[in-house]
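> I would like to see how this sequence folds:
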Amino acid sequence: MMNNSKRLHRSTSDLNNNEILPSSSSSTKKKKSSVPTTENKSPFTIGQIKEIRMLNFMCHKNFAIEFHSTPMQIVTGANGSGKSAIANALCLCLGSQARATGRTSNVQSFIRKGEKTAELTLTLANEGREAFKPELYGKEIQIIRRIGAKSSTYKVLNQQRKVISTQKDTIAEIIQALSISPDNPLCILHQEIAKTFLLNNDAQKKYQFYMKVSQLDHIKQAYEDAVCTVRSIEQRINEMTQVENHLKEQCFYYFAAVLEI
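Now for the predicted structure:
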């Protein structure tokens, strides 16, 4: 079953948000009828997106979209309405670099034209047996990324909206625990990267793409790192063995001299 769970908030000033619902009572009723009732609503699973908000981000001035707990959801809209912006915001909020979107290497270029800062807020479900530190975060983890003219900052909040961390390393720990890989094209395939892949006939680049989406490149890197660690340990053992043999030799000469005396 597929539900279009697109829900807009305070976006009347943003001409790029095409599906703004009127404030009439009939429209409100129609909107509510498309939302699953509490009785039929299934619980969220760990790592599911509950909501994403964008403030002064790309074409969106003030836009939010809520998701339900259904397995599949579809976001539709006309060309230029900002669908790709949602995917970009998702990746950037999860700590990805700007170049991962395939659009630019400068994160400041995502700030809406005429504005000085942008802010992204992502709310993730943290429910079930495999919840990440539920005693600390509760049933929700909220990540806020604020993009300024020269730098960007992060905040990680719990269900009560208490700031738990401002470190990017915390986000890396969270997405690893929730099995989220925002830089993997198999999880999020950005528009520009898709175009490049479909039009590119270079076998080497397709092989690199395959290694990345299958995460075999990470396995290969981990293997190479492990080999280097083993070699370093072996070298250290050899050095310590030489030191041990030297000490044994010194002890032998010392006791031999004492016996002669």
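
> how near is residue 128 to residue 171?
According to C-beta to C-beta, to the nearest Å, residue 128 and residue 171 sit 20 Å apart. Placement of C-beta: from N, CA and C, glycine included.

> Compare those two (neighbour count), which wins?
Neighbour count, other C-beta atoms under 10 Å: between residue 128 and residue 171, residue 171 has more, with 23 against 13.

> I'd say that one and residue 91 touch.
No. Look at residue 171 against residue 91 with C-beta atoms under 8 Å: they stay out of range, at 11.7 Å.

> Over to residue 159. Which of the three states is it?
coil (DSSP: H, G, I helix; E, B strand; the rest coil).

> number of nearby residues for it?
Neighbours around residue 159, by other C-beta under 10 Å: 15.

> Can you give me the pLDDT of it?
At residue 159, the pLDDT value in this model is 94.

> quick one, phi/psi of it?
Here the main-chain torsion angles of residue 159 (degrees, to the nearest 10) amount to phi -60, psi -30.

> Spit out the contact partners of it.
Residue 159 is in contact with 126, 137, 138, 139, 140, 141, counting by C-beta atoms under 8 Å, 6 or more residues apart in numbering.

> any idea how far it is from residue 192?
The spacing between residue 159 and residue 192, counted by C-beta to C-beta, is 35 Å.

> Could you do residue 241 as well?
With distances taken as C-beta to C-beta, residue 241 is found 55 Å from residue 192.

> and those two? which has more neighbours close in?
Neighbour tally, residue 241 and residue 192, criterion other C-beta under 10 Å: the higher count belongs to residue 192, 13 against 10.

> What sits closest to that one if chain neighbours are left out?
Nearest residue to residue 192, sequence neighbours excluded (C-beta to C-beta, 6 or more residues apart in numbering): residue 102, at 3.4 Å.

> who's in contact with residue 69?
Counted by C-beta under 8 Å, 6+ apart, residue 69 has contacts 41, 42, 43, 44, 45, 48, 125.

> thinking the third one is in contact with residue 139, fair?
No. Under the contact definition of C-beta under 8 Å, residue 43 does not touch residue 139, with a separation of 9.4 Å.

> is it fair to say residue 145 lies in a strand?
Yes. Counting by three-state DSSP, residue 145 is located in a strand.

> In contact with it: list those residues for me.
By C-beta under 8 Å, 6+ apart, residue 145 lies in contact with 92, 93, 119, 120, 152, 153, 154.

> For whichever strand or helix holds the first one, list every residue counted as buried.
I take that to be residue 92. Assigned by DSSP states H and E, residue 92 falls within helix 83-93. Judged by neighbour count using 16 or more other C-beta atoms under 10 Å, the buried positions of helix 83-93 are 84, 85, 86, 87, 88, 89, 90, 91, 92, 93.

> State the pair within those residues that is farthest apart.
Among the buried residues of helix 83-93, the pair separated by the greatest distance (C-beta to C-beta) is 84 and 93, at 14.7 Å.

> follow-up on the earlier one: of the contacts of residue 69, keep whichever come out buried.
Among those, those classed as buried by 16+ other C-beta under 10 Å are 44, 48, 125.

> Among these, which lie within strands?
Counting by DSSP state E, those place residue 125 in strands.

> Format the buried ones among the contacts of residue 69 as CSV; extra columns: pLDDT.
Formatted as CSV, the buried ones among the contacts of residue 69 follow (pLDDT from 0 to 100):
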residue, pLDDT
44, 87
48, 90
125, 93
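
> The buried ones among the contacts of residue 69 into CSV, with extra columns for distance to residue 236?
Formatted as CSV, the buried ones among the contacts of residue 69 follow (distance: C-beta to C-beta, whole Å):
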residue, distance to residue 236
44, 48
48, 46
125, 46
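
> closest to residue 183 among the buried ones among the contacts of residue 69?
Residue 183 lies nearest to residue 48 out of these, by C-beta to C-beta, at 19.1 Å.

> Residue 48 versus residue 73, what's the distance?
The gap separating residue 73 from residue 48 is 10 Å, by C-beta to C-beta.

> Against residue 44, how distant is the residue nearest to residue 115 when sequence neighbours are not counted?
Residue nearest to residue 115 in three dimensions, not counting chain neighbours: residue 56, with 4.1 Å by C-beta to C-beta, 6+ apart. The gap separating residue 56 from residue 44 is 28 Å, by C-beta to C-beta.

> Right, I'll call it a day here.
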